[in-house]
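[1] The sequence and its predicted three-dimensional model are supplied below.
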Amino acid sequence: KEGTDRTIDVERVLVAVGRAPIIEDIGLDKAGVKTERGSIVVDDHCRTNVEGIYAIGDCGRAPLLAHKASHEGITVVEFIAGKGHGAVDYNNIPNVTYCHPEVASVGLTEQKAREQGLDIEVGVFPFSANGRARTAGETDGFVKIIRDKKYSEVLGAHIVGPHASELIAEFVIGRHLESTVEEMERAMHPHPTLSEADAEASLSALGAPIHI
């Protein structure tokens, strides 16, 4: 990227090119199904513009995640069966990067919340202050919460650290129930566990952390 040639000796090369929907030559144009930028256009019930035709997973709307696709599939089947599962909440989809330490998030980032003009407060709690993380020797990372000052609702949560992929589910449920950070903190967390960092980050968003 500096405009110069470089030579690196390595054992393996990983090429990551991403993925894209494959929707060509399946009859969408004949059926009149609307597409946009290589994806099938759907609503929150995964319905296309043609009655009786649905699209789920990577061929529909982003993000391209397995758990989102699975949830969409259940939503469509129950909707067709008349059971009314409800629409997919695309604002509450957890994202996980399976690296080390793990990275997970749900909801708004601090920047996005400010861009929307929301009055927010941010709380951060480091895993270095969590007993379970210290005994496991996994102290890198933190739990970060963005809360709305007006209602104290959890707008977003971001975790970098051990088992972030598991810990983020607590905030997915909390946001689904429109929980406040006070409710997240007052729910008793077992000790010693990594989940205590979730509660402490909630307290930190209120300006009242205990263990830092």
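    Yes, it's here. Numbering: from 1, shown residues only.
[2] so who does the most centrally placed residue in the chain touch?
    Averaging the C-alpha coordinates of the chain gives a centre point, and the residue nearest to it by CA atoms, centre = their mean is residue 94 (2.0 Å). Contacts of residue 94 were listed using CB atoms under 8 Å, 6 or more residues apart in numbering, and they are 67, 104-106, 168-169, 172. Every C-beta, even on glycine, is put in place using the N, C-alpha and C of the backbone.
[3] now with 7 Å?
    104, 106, 168, 172 (CB atoms under 7 Å, 6 or more residues apart in numbering).
[4] So the last one is in contact with residue 105, correct?
    So that's residue 172. No: shown here, residue 172 and residue 105 do not form a contact pair, counting by CB atoms under 7 Å, at 10.2 Å.
[5] And the strands in this protein, which stretches?
    In order along the chain, the chain carries the following strands (DSSP state E): 35-36, 39-40, 95-97, 102-107, 120-126, 142-148, 154-161.
[6] quick one: residue 120 and residue 113 touch, right?
    Yes: under the criterion of CB under 7 Å, residue 120 lies in contact with residue 113, with a separation of 4.9 Å.
[7] Touching both of these two, which residues are there?
    Between them, residue 120 and residue 113 have 146, 155 as joint contacts when contacts are counted by CB under 7 Å, 6+ apart.
[8] Residue 87 touches residue 44, doesn't it?
    Yes: in this structure, residue 87 is within contact of residue 44 by CB under 7 Å, at 3.8 Å.
[9] show me the contacts for residue 161.
    Contact criterion CB under 7 Å, 6+ apart gives 101-102, 127, 133, 138, 140-142 as the residues in contact with residue 161.
[10] now, among those residues, which is nearest to residue 74?
    Using CB to CB, residue 102 is the member of these that sits closest to residue 74, with 25.7 Å.
[11] Please list all residues in contact with the closest residue to the closest one other than its chain neighbours.
    Taking CB to CB, 6 or more residues apart in numbering as the measure, residue 102 lies nearest to residue 164, with 3.9 Å between them; neighbours along the chain are not counted. For residue 164, the contacting residues are 101-104, by CB under 7 Å, 6+ apart.
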